[in-house]
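Q: Dropping the sequence and predicted coords here.
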Amino acid sequence: MSSMAIARSKNTDVERLYIWELPVRLTHWLNFFSIIVLSATGYYIGHPFISVAGLARDHFVMGTVRVIHMYAAIVFTLSVLVRIYWMFVGNDYARLTQLIPFRRERFRSFWKTAMFYSFMRREAEENAGHDALAGSGYAMIFGVYLLLIATGLALYTVDVSPSSPFQVFNFLIPLFEGLQMARLIHHICMWIVLIFAVIHIYFVLLASVAERTATFDSIVSGYKFLSRRKVGIS
Amino acid sequence: MRVHGLREELEHQGISRRDFLAFCASMAAVLGLPASAGPAIAAAVENEQKPILIWLEFQDCAGNTESLLRAGHPTVADLILDSISLSYHETLMAAAGSQAEQALTQAVRDNAGKYIALIEGSIPSDADGAYCMIGGKSALQIAREICGGAAATIAVGTCASFGGIPAARPNPTGALSVADAVPGVKNLINMSACPANAENITALIVYYLTLKRWPPLDQYRRPLFAYGKSIHDNCERRAHFDAGQYVDAWGDEAHRHGHCLYKMGCKGPATSQNCPVVRWNEGTNWPIGCGHPCIGCAEPNFWDTMTPFYQRLPNVAGFDVGSWVDPVGLGLTGLVAAAAVAHGVGEIVRHRIGSKASSEDGSEAE
Ligand code: HEM
Ligand code: SF4
């Protein structure tokens, strides 16, 4: 893929553009790995399918899984917070305006992209950063991340002592109508994230292969290959 | 009416000093104080004038009263609470009808601003309170009057604390907790659970008599000494939880070995109370101790969010969301993956047709 893209960069219309700054790429991969770990451990916490025989003191299966879940949750929470901070201080492609189609042309781009993917338009919208459709998806998924973190923290307050500083988050419990509802929302959000991940990976691969923009590589290197004409840069 | 000291009253009831000291030591334990605090409690309590307690019952099942009376022999706690201090308790007192009303009026008048109101049951507010009327007055009116003049109000049980079962969806009577029914109520303390543990109520009164103030509370106004830790954290089956040893069916091998009831829907991880420590019926046993999962009775909205009792996740508005969320989530993820593959095939077809069409116009495929 990348060799193809580099070959294409010799084409005069194609520009190699620095899109994703380091914090964007770093938090992306921290999210990626922590979500895998959180989903696997979270699923086990919800459905402990491994049952061990023998004396309880010889095993620590659920204990270990929960500890891993909590450590991964720390990584995930910090990574999401850094990424949200970067929405305010990062380059244009990292910003909130890329995520929510505030401006009219972004809104139009949203529909054009939607029509392209539903085979109602021939030409793909080419955007340097996110296309507007994907941007809205990312805005939604960051909302889900925050909900996961909030429900996770609410659940965590009963694990720690009543004098722990984590008790500042216990105000969240009544907001979710209690811990059981928080738990249910935590589960639902996990599935939303996993479904999103499947769609996300598919479209990135599609953009890389069909549109040849090196989208897939860009989240490692930071660079995309884009048509000047279509993106509208000189 | 002469007001006796507690000690004097206890002697009168035939409680020996040794029994009394043992009781004070047990109260120290419930309050999380060292055993050495026992004598200090004894000194404070025995010289204290007996507290005036007024117990009102509204929309409830009288379970808290039952719990207070218990079936066993009368303990010091029972005596302090019911025979000695309760100036008014509809279920327990001999008086009835207008005589009872008079007793209440008198107790409130004589001890204005000094008595402690204990409220059992939720307070219905719909239909102008017609769902619960006593002597021509609605529960709402009575609660506002009595709690309004009290030094402190103790909501006994989950119904009085949070509305409980009467307030569960669809809440046909507009049932309210004491906090919601009596806005601005002074020194409200919620002793939730269904029923509240008499041990904890007694400990609360003893705390007040000893230290002349009310204990630190959690965000639901429940004393931390009784509600500071989750059931799960103090549970005797916790080692099995952490190890990964769970009951999968009633009466299976694991159940007979006393393994963790997590997969049977135990709500211990979502419920704060000291049941594993103080237990019930003079410390005889408690639900998880005899193999039944915790049902989360001490928490707000317990009937709506802790049910189904034998399932880990709750239902929403009658829909069985709890048992479906994970299978449906897994299925949808698979479906979306399949759709992605199908779309991918569509893209390949589009690409083929596109390049054919553009090579026909003679322009470059893009
Ligand atoms: C993508 C992120 C996450 C996923 C997919 C995830 C998934 C899960 C799942 C499925 C459970 C099992 C719930 C149950 O049945 O009890 C769980 C439990 C839990 N999660 Fe997460 N989680 C995520 C993030 C977090 C975060 C960020 C936190 C904390 C800040 C957190 C804290 C917890 C806690 C405390 C529990 C309860 C453990 C228990 O039941 O004792 N999670 N998680
Ligand atoms: S039985 Fe319930 S409270 Fe006890 S360890 Fe298991 S899940 Fe926790």
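A: Everything's here; your move. Numbering: from 1, shown residues only, chains lettered A, B, ... in the order given. Ligands and ions are numbered 1, 2, ... in the order given.

Q: Report the contact partners of A:Asn28.
A: Quick fix: residue A:28 is His, not Asn. Taking CB atoms under 8 Å, 6 or more residues apart in numbering or on different chains, we find A:His28 in contact with A:Trp20, A:Arg83, A:Ile219. Using the backbone N, CA and C atoms, a C-beta is placed for each residue, glycine as well.

Q: Let me know the closest of those to ligand 1.
A: Nearest to ligand 1, judged by CB to the nearest ligand atom, of the contacts of A:His28 is A:Arg83 at 13.5 Å.

Q: And that closest one, how far from A:Leu26?
A: 9 Å (CB to CB, to the nearest Å).

Q: And the two? Which one has more around it.
A: Neighbour count, other CB atoms under 10 Å in any protein chain shown: between A:Arg83 and A:Leu26, A:Arg83 has more, with 21 against 15.

Q: How about that one, nearest residue that isn't a chain neighbour?
A: Leaving aside its sequence neighbours, A:Arg83 sits nearest to A:Thr27 (CB to CB, 6 or more residues apart in numbering or on different chains; 4.1 Å).

Q: any idea what that neighbour is structurally, helix, strand or coil?
A: Secondary structure, DSSP: H, G, I helix; E, B strand; the rest coil: A:Thr27 is helix.

Q: ok, it touching A:Leu81?
A: No: A:Thr27 is beyond contact range of A:Leu81, at 9.1 Å (criterion: CB atoms under 8 Å).

Q: Looking at the two now, which is surrounded by more residues?
A: The neighbour count for A:Thr27 versus A:Leu81, taken as other CB under 10 Å, is higher for A:Thr27 (21 against 14).

Q: How about the residues of the stretch 101-250 of chain B by ligand 2?
A: Contact residues, the stretch 101-250 of chain B versus ligand 2 (CB under 6 Å from any ligand atom): B:Ile231, B:His232, B:Cys235, B:Arg237, B:Arg238, B:Phe241.

Q: Columns neighbour count, pLDDT and distance to chain A on top of these, output as JSON lines?
A: JSON lines is the format used below for these (neighbours: other CB atoms under 10 Å in any protein chain shown; pLDDT from 0 to 100; distance: CB to the nearest CB, whole Å):
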{"residue": "B:Ile231", "neighbour count": "27", "pLDDT": "96", "distance to chain A": "10"}
{"residue": "B:His232", "neighbour count": "23", "pLDDT": "96", "distance to chain A": "7"}
{"residue": "B:Cys235", "neighbour count": "23", "pLDDT": "97", "distance to chain A": "12"}
{"residue": "B:Arg237", "neighbour count": "24", "pLDDT": "97", "distance to chain A": "9"}
{"residue": "B:Arg238", "neighbour count": "18", "pLDDT": "97", "distance to chain A": "9"}
{"residue": "B:Phe241", "neighbour count": "24", "pLDDT": "97", "distance to chain A": "6"}
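
Q: wait, which of the residues you listed is closest to ligand 1?
A: The nearest member of these to ligand 1, counting by CB to the nearest ligand atom, is B:His232 at 7.5 Å.

Q: From the contact counts, what lies against the host helix or strand of the closest one?
A: Here B:His232, judged by DSSP states H and E, is contained in helix B:231-234. Counting contacts by 3 or more CB pairs under 8 Å, 6 or more residues apart in numbering or on different chains; DSSP states H and E, helix B:231-234 packs against helix B:275-278.

Q: Extract the C-alpha set from the helix it packs on and format it as PDB.
A: Extracted in PDB, the C-alpha atoms of helix B:275-278 (Å, rounded to 0.1, in the frame of the first residue of the first chain):
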ATOM      1  CA  CYS B 275     -24.800  -7.600  56.800                       C
ATOM      2  CA  PRO B 276     -21.700  -9.800  56.500                       C
ATOM      3  CA  VAL B 277     -20.400  -8.400  59.800                       C
ATOM      4  CA  VAL B 278     -23.400  -7.900  62.000                       C
END
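
Q: quick one: it near ligand 2?
A: No: Helix B:275-278 lies apart from ligand 2 when judged by CB under 6 Å from any ligand atom; the minimum separation is 7.7 Å.

Q: packing partners for that helix?
A: helix B:231-234.

Q: Any part of the helix it packs on near ligand 1?
A: No: with CB under 6 Å from any ligand atom as the criterion, ligand 1 is not reached by helix B:231-234; the gap is at least 7.5 Å.

Q: Need the contact partners of the helix or strand following that helix.
A: Next helix or strand after helix B:231-234 toward the C-terminus (DSSP H and E): helix B:238-243. Identification of contacts with helix B:238-243 by CB under 8 Å, 6+ apart yields A:52, A:56-63, B:232, B:235, B:246, B:258-260, B:262.

Q: repeat that for 6 Å
A: The contact list for helix B:238-243 (CB atoms under 6 Å, 6 or more residues apart in numbering or on different chains) reads A:Ala56, A:His59, A:Phe60, A:Met62, A:Gly63, B:His259, B:Cys260, B:Tyr262.

Q: In helices, which of these appear?
A: Members of the contacts of helix B:238-243 lying in helices (criterion: DSSP state H): A:Met62, A:Gly63.

Q: most neighbours, which of the contacts of helix B:238-243?
A: B:Cys260 (28 neighbours).

Q: if I pick the residue in the stretch 51-200 of chain B that chain A sits nearest to, what's in contact with it?
A: Closest contact between the stretch 51-200 of chain B and chain A, by CB to the nearest CB, is at B:Phe162 (10.1 Å). B:Phe162 sits next to B:Ser177, B:Pro300 when contact means CB under 6 Å, 6+ apart.

Q: Could you check how far it is from B:Ile288?
A: Counting by CB to CB, the gap from B:Phe162 to B:Ile288 is 22 Å.

Q: swap in A:Val37?
A: From A:Val37 to B:Ile288 the distance is 31 Å (CB to CB).

Q: B:Val325 too?
A: Counting by CB to CB - B:Val325 and B:Ile288 are separated by 26 Å.

Q: Which residues are in contact with the most centrally placed residue in chain B?
A: Nearest to the geometric centre of chain B sits B:Ala298, at 2.1 Å (CA atoms, centre = their mean). For B:Ala298, the contact set (CB under 6 Å, 6+ apart) comprises B:Ser192, B:Ala193, B:Thr271, B:Gln273.
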